[in-house]
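> task: produce atomic coordinates for the following.
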Amino acid sequence: MALRIYETMKREELPVLPMDGETLRFYCCGPTVYGPAHIGNFRTFVVQDTFRRVVEMGGIKTLHVRNLTDVDDKTIRRSIEEGKTLTEVTQFWTAKFHKDCAALNTLPPHIEPSAVAHIPQQIAMTETLIAKGHAYASEGSVYFKISSFPNYGKLSHLDTRELQMGAAVDVDEYEKEGVADFVLWKARKPEDGENFWASPWGEGRPGWHLECSAMTREYLGDTFDLHSGGVDLVFPHHENEIAQSECCTGHQMSRLWFHVNHLLVDSKKMSKSLGNLYTLDDLAEKGHTPARVRYVLLSGHYRSPLNFTLSSLDGAKAALEKISKFEKALAARAEITTVPTYADCTAREQAGPFIMAFDALEADLNTPEALGQLFSALNRIKPAQLTPAEAAAAHTGLHFVLQALGLDLALENIAPSAGEAPEDVRALAQQRWEAKQNKDWAAADALRKQADELGWTIKDTKEGFELVAKC
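Numbering: from 1, shown residues only. Take a look at the predicted model:
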């Protein structure tokens, strides 16, 4: 079973398969490195990371490219405000972004190109677009001619015949109600400071939309398998990427488009003015771990807006603790001291009794359904009733699904509870359970007494038993 996702352009679920039959080549729009990424940004990056994990764990190799936007209106404005070079600002925030990604347990992209490093490619694409009649120069800037591309709007399903064509725009981001010729190369202006490069049209810098087109073409070719980003990028950014790329190369840009919906906070749009724009550092100051943040970001389906609340982090803490307790019970029963790593998870059959959770992930990346199936299995499986071999298989399956979701229990730093008894006490409790199953009540009572003398009370539960340290 291959992963299926809802494809934005065709508006239907389609299988995610590599065009070359071997490696899925995909591109994710990365961060603009002028400040810390917030949890709304990270919802997209965490979903994309889960997407990659499910593809790879389903047996398909990937080539994951995610860019860094290190020159645009925002990065330049921040560098001028702080009196620093553009490089100083963007390198600082790139390092912070990488640190946050590691905390959220996201896999690093195979290639992470920066816009500044690919300005020659952007100039070359602009020259091609001018030569083909799809772009024109004006006062040192170069604009893409929307009217030259009849298919403009095919991703966002805009009908340009019903929209008034606006004047050419010279900013990276603009109003989304209209259609306008957008800038490919921006002429140097005083407010840009020293942030400019030479070009055939004079000193200036690239427009934001062009940057991604140049980098996708450089590393993935004229046509690649999948392009992803937040739903807010569908128009104009991705629409503009399609126009300039396909007019330049004459080929379809991406076979599939995959977008992640917005994150709300307390049912409101995030904003600094409302005080609800959280970073990982903000949440850490409130006592919440990145593992809990990742859990919450996966608790809603990527196609629907997700309402983030601080109380949802408390729920994530309880959920992770329950999973951890179950995992320890399986490990004890199977006498396992190590856990499978991501590299160990190579075939979906390893999911074992948790296969329904992985099936949910392959069905349009349904992370809330996967979590539901995970907990259904937790409630159904009784570790104390399993043979060591069965417990080992369940332990492998649990970690297979946790790896697919990117949930690393070790990152939650769950403190050992009083009920985590020494191995000899656990062995006594297990022997007592087996004696009860054989209706050997005298032996069961004797074993309970031995545990009691060692300072532990055996309590019977629906799942089997638990050990509680005596005060």
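
> can you check which strand is longest in the protein?
strand 179-187 (DSSP state E).

> give me the buried positions along that one.
Buried residues in strand 179-187, counted by 16 or more other CB atoms under 10 Å: 179-187. Heads up, the C-betas are built off the backbone N, CA and C, glycines and all.

> name the helices or strands packed onto the following helix or strand past it?
Next helix or strand after strand 179-187 toward the C-terminus (DSSP states H and E): strand 204-206. Strand 204-206 sits against helix 119-131, strand 179-187, with contacts defined as 3 or more CB pairs under 8 Å, 6 or more residues apart in numbering; DSSP states H and E.

> tell me which two in the buried residues of strand 179-187 are the farthest apart.
Greatest spatial distance in the buried residues of strand 179-187: Val179 and Ala187, 22.3 Å, computed using CB to CB.

> output the longest strand of the chain as CSV, nothing but the C-alphas.
Provided in CSV are the C-alpha atoms of strand 179-187 (Å, rounded to 0.1, in the frame of the first residue of the first chain):
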residue,chain,number,x,y,z
VAL,A,179,-3.5,39.3,-10.2
ALA,A,180,-0.4,41.3,-11.1
ASP,A,181,2.8,41.0,-13.1
PHE,A,182,5.3,40.0,-10.4
VAL,A,183,8.9,40.9,-10.0
LEU,A,184,11.7,38.6,-11.0
TRP,A,185,14.6,41.0,-10.5
LYS,A,186,14.3,44.1,-8.3
ALA,A,187,16.3,47.2,-9.1
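
> in its sheet, what does that strand sit against?
Applying DSSP bridges, strand 179-187 is found paired with strand 141-144 (antiparallel), strand 165-169 (parallel), strand 204-206 (antiparallel).

> which of those strands has the highest mean neighbour count?
strand 204-206 (a mean of 25; mean count of other CB atoms under 10 Å).

> contacts for it?
Strand 204-206 has contacts (CB atoms under 8 Å, 6 or more residues apart in numbering) with 71, 76, 115, 119, 122-123, 140-141, 184-188, 192, 195-197, 214.

> what's the weakest-modelled helix or strand in the chain?
strand 165-169 (a mean of 65; mean pLDDT, DSSP states H and E).

> coming back round to it: export the helices and strands packed on strand 204-206 as a markdown table, with columns for distance to Val16 and mean pLDDT.
Shown next, in a markdown table, are these (distance: least, CB to CB, whole Å; pLDDT from 0 to 100):
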| stretch | distance to Val16 | mean pLDDT |
| --- | --- | --- |
| helix 119-131 | 27 | 98 |
| strand 179-187 | 30 | 90 |
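
> of these, which approaches Asp344 most closely?
Nearest to Asp344, of those and by CB to CB, is helix 119-131 at 38.5 Å.

> elements contacting the closest one?
strand 135-138, strand 141-144, strand 179-187, strand 204-206, helix 208-220, helix 239-249.

> and the contacts of whichever helix or strand comes after the last one?
Past helix 239-249, further along toward the C-terminus, the next helix or strand under DSSP H and E is strand 254-260. Counting by CB under 8 Å, 6+ apart, the neighbours of strand 254-260 from elsewhere in the structure are 5-9, 14, 16, 19, 27, 43-44, 47-48, 51, 155, 216, 223-231, 233-234, 238, 242, 302.

> out of those, which sit inside helices?
43-44, 47-48, 51, 216, 242 (DSSP state H).

> quick check: ChimeraX command selecting the buried ones in those residues.
Of the ones in helices among the contacts of strand 254-260, the buried ones can be selected in ChimeraX as follows, counting by 16+ other CB under 10 Å:
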select :43,44,47,48,51,216,242
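
> ok, now which ones touch the residue nearest to Gly133 when sequence neighbours are not counted?
With sequence-adjacent residues excluded and distances taken as CB to CB, 6 or more residues apart in numbering, Gly133 is closest to Ser148, at 6.2 Å. Ser148 makes contact with 133-134, 247, according to CB under 8 Å, 6+ apart.

> buried among the residues you listed? Need that as a selection in PyMOL.
The command below creates a PyMOL selection of those among the contacts of Ser148 that count as buried (16+ other CB under 10 Å):
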select buried, resi 134+247
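
> can you tell me which of the contacts of Ser148 lies nearest to Val55?
Nearest member of the contacts of Ser148 to Val55, counting by CB to CB, is Cys247, at 30.0 Å.

> my guess is the closest one contacts Phe149, does it?
Yes: Cys247 sits in contact with Phe149 when judged by CB atoms under 8 Å, with a separation of 5.6 Å.

> give the residues shared as contacts by those two.
Residues touching both Cys247 and Phe149 (CB under 8 Å, 6+ apart) are His134.

> quick check, Gly397 in a strand?
No: counting by DSSP: H, G, I helix; E, B strand; the rest coil, Gly397 is not found in a strand; it is helix.

> now Glu82. Nearest residue, chain neighbours left out?
With CB to CB, 6+ apart as the criterion, Glu82 has its nearest non-adjacent residue at 6.4 Å, and that residue is Val89.

> cool, and Thr367?
Leu298 (4.2 Å).

> give the buried residues for stretch 387-406.
For stretch 387-406, by 16+ other CB under 10 Å, it's 390-406.

> out of those, list just those in helices.
Going by DSSP H, the helices hold 390-405 from these.

> of all those residues, which two lie farthest apart?
Among those, Glu390 and Leu405 lie farthest apart (CB to CB), at 22.9 Å.

> re earlier: so which of the helices and strands packed on helix 119-131 gets nearest Ala421?
Across those, Ala421 has its closest neighbour in helix 208-220 (53.0 Å, CB to CB).

> go ahead and confirm Met57 touches Val401.
No: counting by CB under 8 Å, Met57 sits too far from Val401 to count as a contact (9.5 Å).
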